[in-house]
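Peer 1: how would this look folded up:
(chains A, B, C and D)
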There are 4 protein chains.
Amino acid sequence: MEIPDSCRISTAVRVMYFDTDAGGVVHNIAYLRFIETARTLLAIQMGMSFEEIARTGIHPVVTRTEADYKRPAKLGEELRIEGRVTEWSGIRFWVEFDVLRAADSVLLVACRQALALVDVSTGKPVRLPAGFPASLSLGR
Amino acid sequence: MEIPDSCRISTAVRVMYFDTDAGGVVHNIAYLRFIETARTLLAIQMGMSFEEIARTGIHPVVTRTEADYKRPAKLGEELRIEGRVTEWSGIRFWVEFDVLRAADSVLLVACRQALALVDVSTGKPVRLPAGFPASLSLGR
Amino acid sequence: MEIPDSCRISTAVRVMYFDTDAGGVVHNIAYLRFIETARTLLAIQMGMSFEEIARTGIHPVVTRTEADYKRPAKLGEELRIEGRVTEWSGIRFWVEFDVLRAADSVLLVACRQALALVDVSTGKPVRLPAGFPASLSLGR
Amino acid sequence: MEIPDSCRISTAVRVMYFDTDAGGVVHNIAYLRFIETARTLLAIQMGMSFEEIARTGIHPVVTRTEADYKRPAKLGEELRIEGRVTEWSGIRFWVEFDVLRAADSVLLVACRQALALVDVSTGKPVRLPAGFPASLSLGR
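Peer 2: Have a look, this model is predicted:
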């Protein structure tokens, strides 16, 4: 199945001091903040804005993270984060992210995350809506 | 006025990679996490546990931070954080913290924070309870 | 003395989940990340790029932070951070930041930071360069 | 092969406000800080102290993280992090971590990380020392 354009995102970030550690490069945890920003903007683009989350009480929750650290990013570098929905079924979908050095598009970190839509009133996942992934909107 | 022992706290932390930055020393923001841990344990000791906060809907909120960075802490060092309530009146109280290098008690960071007790249902501060600072308990 | 345009900066950020805490609003420490991003981009604009820092071994270090927390920012809100150099003499300069809610320009956090230019090889501050604040460039 | 006791660690942490987000529970990234603290103390216990890292210029680097988020931790809860080296060969070893709610030992997050020992002067991984995992000491 073709993945709609609304299921792809590209964001940019510049590496700040607070992203790095005494090893001189970006700390492994900091990349997950970069990825969360991309993932949140992707969710908004797919129809799940913060307002929609507040209205429905259903919000996307990360259930698994896989991250491969290939090359380090350095202080001051511009990074590009490219994300896309890749798989979905029942109550779960997967999103993949590449963190690239903007100057030469070298892949630094590859990440996959599984997400579920959780109803905060019950703590239970709900089924993906019928139109998924063309829309994350829950039509409630 | 004498400050009761319940209004003093001492905590310890060891500097981890995620506390440092590419400058090779602890990042200035990381000290505020160390201080928050000390402050939270101090609040619990004074009678304002997480359960009490949940029960009353009133929680301590930082309204001002002043931090003087004197000497840098390094990766792997043991630090000691000493905190104490120093002033209070009406709706506000002050807590002071020293971040010391444990090995030789050298002062690295001195910090003062003003706090108010905020009722989350209204977003407004409430008056400090009668027994303050001997107790932060709100007796509701 | 007039403050040159190169000594002013304005940045924007959208509040992400990792910026908030269980109190439902932005955590007090997260604002200091927003401010660091603005401060770093301001330093670059004034002539102290990451490359310049690497070349000279001299980098700006925060020696004091004062932050007044006036109103909370919420998840998903767009914020604007406005910074400017306000005072300087000898080995120290001050930068002020306002964190504003972008929608209505309401002031959420006001912050002042003192900085020194520290030579990492000696750990000692150096005098501000002659042209400061028109330029932070050290001409080495 | 039997895993020596020096290759196991157990640490404890109490959930602070800065570990949580507006969803009311611990943010998925915060668990990785808890795990890093356990991993660092495990490395020290195995012979790779911060001093040893500084002396040899070789330090452990995370090359892959897998984390399964099973149940959320809440503000104020005591957590226990249990870690152990589970596999090793050539230039890579794996460490597994369970993040448990201390009160009832319920598993909240299961995490596996692959690490390599990287020589910072070359940026290349080195072979695991002969005595691994009984000792991470590099005998240089």
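Peer 1: Can I take it that residue A:31 is in a helix?
Peer 2: Yes: counting by DSSP: H, G, I helix; E, B strand; the rest coil, residue A:31 falls inside a helix.
Peer 1: How much space separates it from residue A:100?
Peer 2: Distance of residue A:31 to residue A:100, computed by Cβ to Cβ, to the nearest Å: 12 Å. Where C-beta positions appear, they are placed from N, C-alpha and C, glycine not excepted.
Peer 1: which bits of chain A sit near chain D?
Peer 2: Counting by Cβ under 8 Å from any Cβ of the partner chain, the residues of chain A lying close to chain D are A:23-24, A:28-29, A:32-33, A:36, A:59, A:61-69, A:120.
Peer 1: If we use 10 Å, what do you get?
Peer 2: Taking Cβ under 10 Å from any Cβ of the partner chain as the test, the list of chain A residues beside chain D reads A:22-25, A:27-33, A:35-36, A:50, A:53, A:59, A:61-72, A:110-114, A:116, A:118, A:120, A:123.
Peer 1: quick one: which of the residues you listed sit in helices?
Peer 2: Residues from the residues of chain A next to chain D lying in helices, with DSSP state H as the criterion: A:30-33, A:35-36, A:50, A:53.
Peer 1: other SSEs contacting the helix or strand of chain A with the lowest mean pLDDT?
Peer 2: Of the helices and strands making up chain A, the lowest-confidence element is helix A:50-56, at a mean of 91, by mean pLDDT, DSSP states H and E. With contacts defined as 3 or more Cβ pairs under 10 Å, 6 or more residues apart in numbering or on different chains; DSSP states H and E, the secondary structure elements packing on helix A:50-56 are helix A:30-45, strand A:58-69, strand A:107-119.
Peer 1: closest one to chain C among these?
Peer 2: Between chain C and these, the shortest separation by Cβ to the nearest Cβ is 5.7 Å, and it involves helix A:30-45.
Peer 1: How much space separates residue A:115 from chain B?
Peer 2: Applying Cβ to the nearest Cβ, to the nearest Å, one obtains 25 Å for the distance of residue A:115 from chain B.
Peer 1: Actually, residue A:76.
Peer 2: Using Cβ to the nearest Cβ, we find residue A:76 at a distance of 9 Å from chain B.
Peer 1: Relative to residue A:50, how far out is the nearest residue to that residue once chain neighbours are set aside?
Peer 2: Residue nearest to residue A:76 in three dimensions, not counting chain neighbours: residue C:50, with 3.3 Å by Cβ to Cβ, 6 or more residues apart in numbering or on different chains. For residue C:50, the distance to residue A:50 equals 33 Å [Cβ to Cβ].
Peer 1: Out of the helices and strands packed on helix A:50-56, which one sits most buried?
Peer 2: helix A:30-45 (a mean of 22; mean count of other Cβ atoms under 10 Å in any protein chain shown).
Peer 1: Next, the contact list for residue A:93, please.
Peer 2: Remark: with contacts taken as Cβ atoms under 10 Å, 6 or more residues apart in numbering or on different chains, residue A:93 is in contact with A:7, A:60, A:85-87, A:113-117, A:128, A:132-133, A:136.
Peer 1: From the residues you listed, pick the one nearest residue D:78.
Peer 2: For the contacts of residue A:93, the residue nearest residue D:78 by Cβ to Cβ is residue A:116; the value is 26.5 Å.
Peer 1: Tell me who's in contact with the nearest residue to the closest one once chain neighbours are set aside.
Peer 2: Among residues not flanking residue A:116 along the chain, residue A:125 sits closest, at 4.0 Å (Cβ to Cβ, 6+ apart). Shown here is residue A:125, whose contacts under the criterion Cβ under 10 Å, 6+ apart are A:58, A:61, A:63, A:90-92, A:115-119.
Peer 1: Now tabulate these in CSV and tack on pLDDT.
Peer 2: Listed next are these as CSV, based on pLDDT from 0 to 100:
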residue, pLDDT
A:58, 91
A:61, 95
A:63, 98
A:90, 92
A:91, 95
A:92, 96
A:115, 97
A:116, 96
A:117, 95
A:118, 93
A:119, 93
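Peer 1: Closest to residue D:40 out of the residues you listed?
Peer 2: residue A:63 (26.4 Å).
Peer 1: Mutual contacts of residue A:31 and residue A:100, please.
Peer 2: Common neighbours of residue A:31 and residue A:100 (criterion: Cβ under 10 Å, 6+ apart): A:73, A:79, A:81, A:108-109.
Peer 1: Can you tell me how far residue A:100 is from chain D?
Peer 2: Counting by Cβ to the nearest Cβ, the gap from residue A:100 to chain D is 18 Å.
Peer 1: show me the contacts for that residue.
Peer 2: A:10, A:12, A:73, A:78-82, A:106-110.
Peer 1: ok now stretch A:112-132, how far from the chain's centre?
Peer 2: Taking Cα atoms, centre = their mean, to the nearest Å, the mean C-alpha location of stretch A:112-132 is offset from the chain mean by 15 Å.
Peer 1: And stretch A:15-22, by the same measure?
Peer 2: Taking the mean of its C-alpha atoms, stretch A:15-22 sits 21 Å from the chain's own mean (Cα atoms, centre = their mean).
Peer 1: nearest residue to residue A:127 other than its sequence neighbours?
Peer 2: Closest to residue A:127 by Cβ to Cβ, 6+ apart is residue A:91, at 5.8 Å.
Peer 1: Which helix or strand contains residue A:80?
Peer 2: strand A:78-89 (DSSP states H and E).
Peer 1: orientation of that strand relative to helix A:30-45 in degrees?
Peer 2: Orientation check (axes from the mean of the first three to the mean of the last three Cα atoms, to 10 degrees): strand A:78-89 against helix A:30-45 gives 60 degrees.
Peer 1: Alright, I will stop here.
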